[in-house]
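Colleague: Turn this into a model:
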Amino acid sequence: DYKGRKSRRIKHSFSYRKLISRIKTLAQRYGIAIREVSPAYTSVIGMLKYAPQFNLTKDKAAAYVIARRGLALREKIPLKYKELLESLQSKTRSVSSLTDGRNEGTA
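Modeller: Have a look, this model is predicted:
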C-alpha cells in the first residue's frame with residue numbers, strides 16, 4: 001500500500017494557490033497579461049453551445065468558453081434553447097398551479 005500513501009501525500013500537498021501564484025509570477029516576468037475569469041457554468045455552456053457546433057469534448061468546450069470570457073466576449077443563449085426553457089417554465093407553472101389547488105382542498 002506504499003504507492004497509495006505516497007500518492008495521497010503528493011495529492012494532499014498540491015496547492016492550487018501556489019500554482020496560481022507561480023503562473024502569475026512567470027507571466028509578470030515575461031510580460032504576459034493575465035485576466036482572471038469566473039469558471040462558473042463553463043462546462044454547461046460549452047457542452048450546450050460549442051461541443052455540438054465544433055464537435056468538441058465537454059472539457060475543451062469549457063476551455064473555449066473560458067477563453068472567450070478572457071477576451072471579454074459575452075455568451076448569448078441560442079434561440080432554440082430560449083424556446084425550450086420557456087416551454088419548460090410554462091409547464092412547471094401549470095403543474096405547480098394544479099398541485100397547489102389540490103393541497104388547498106385537502107387541508
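
Colleague: ends of stretch 11-20, how far apart?
Modeller: In stretch 11-20, first residue to last residue: 16 Å (CA to CA, to the nearest Å).

Colleague: Any idea how far that stretch is from the middle of the chain?
Modeller: For stretch 11-20, the separation from the chain centroid amounts to 21 Å (computed by CA atoms, centre = their mean, to the nearest Å).

Colleague: now stretch 74-87
Modeller: The answer for stretch 74-87 is 17 Å, by CA atoms, centre = their mean.

Colleague: Next, the buried residues of that stretch.
Modeller: Within stretch 74-87, no residue qualifies as buried by neighbour count (16 or more other CB atoms under 10 Å). All C-beta atoms are positioned from the backbone trio N, CA, C, and that covers glycine.

Colleague: now do stretch 46-57
Modeller: Neighbour-count burial for stretch 46-57 [16+ other CB under 10 Å]: 46-51, 56.

Colleague: how about the helices of this structure, start to end?
Modeller: Applying DSSP state H to the chain gives helices spanning 2-13, 16-29, 42-45, 51-54, 58-70, 79-106.

Colleague: So which of the ones you listed is nearest residue 35?
Modeller: With CB to CB as the criterion, residue 35 lies closest to helix 58-70 of those, at 5.0 Å.

Colleague: helices or strands next to the closest one in the packing?
Modeller: helix 42-45, helix 51-54 (3 or more CB pairs under 8 Å, 6 or more residues apart in numbering; DSSP states H and E).

Colleague: I'd like those helices as TSV, with distance to residue 87 and mean pLDDT appended.
Modeller: Shown next, in TSV, are those (distance: least, CB to CB, whole Å; pLDDT from 0 to 100):
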stretch	distance to residue 87	mean pLDDT
helix 42-45	19	91
helix 51-54	20	92
